[in-house]
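A.B. asks: Below is the structure, and that's it, no one-letter string:
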């Protein structure tokens, strides 16, 4: 009923920029906290940035000052603006929503822990 669909990944040179988007589909009334994670080959998935439904943000230390997370609740979308990219930022990036209130068949429902399909970000040196 509800899906997260990501876009915006790609190949960029060191120092370049990319903007990731993640849109939730379905009849959605509200989304709680949202976040971006990443997973590089051979490494564990790590939290890159998070944003609450009130707009508070937090970042992985290594991306502070370079990445900015934002959300547009009217579009049910979360963004990750990535500037000054480094080769070590290369990974598959996933968006996450911790809970979503939506309508299914005219009934309100709340689902938990939604993930996007992932989008590859590759930074060449």
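C.D. replies: Thanks, I have it. Owing to the predicted nature of the structure, the values given are computational and were not obtained by experimental measurement. Numbering: from 1, shown residues only.
A.B. asks: Please give the element, helix or strand, for the residue lying closest to residue 22 once chain neighbours are set aside.
C.D. replies: Sequence neighbours aside, residue 95 is the residue nearest to residue 22 in space, at 3.4 Å (criterion: CB to CB, 6 or more residues apart in numbering). For the C-beta atoms, the positions are set from N, CA and C on the backbone; glycine is no exception. Of the helices and strands defined by DSSP states H and E, residue 95 is found in strand 91-104.
A.B. asks: If we go by neighbour counts, what in whatever helix or strand comes next after that strand is buried?
C.D. replies: Proceeding C-terminally, strand 91-104 gives way to strand 107-115 as the next helix or strand, assigned by DSSP H and E. Using 16 or more other CB atoms under 10 Å as the burial criterion, the residues of strand 107-115 that qualify are residue 114.
A.B. asks: And stretch 27-37, by the same measure?
C.D. replies: Neighbour-count burial for stretch 27-37 flags 28, 31, 33, 34, 35, 36, 37 (criterion: 16+ other CB under 10 Å).
A.B. asks: Next one: the residue nearest to residue 22 from residue 108, what distance?
C.D. replies: Distance from residue 95 to residue 108, counting by CB to CB, to the nearest Å: 23 Å.
A.B. asks: for residue 43, same thing?
C.D. replies: Distance from residue 43 to residue 108, by CB to CB: 39 Å.
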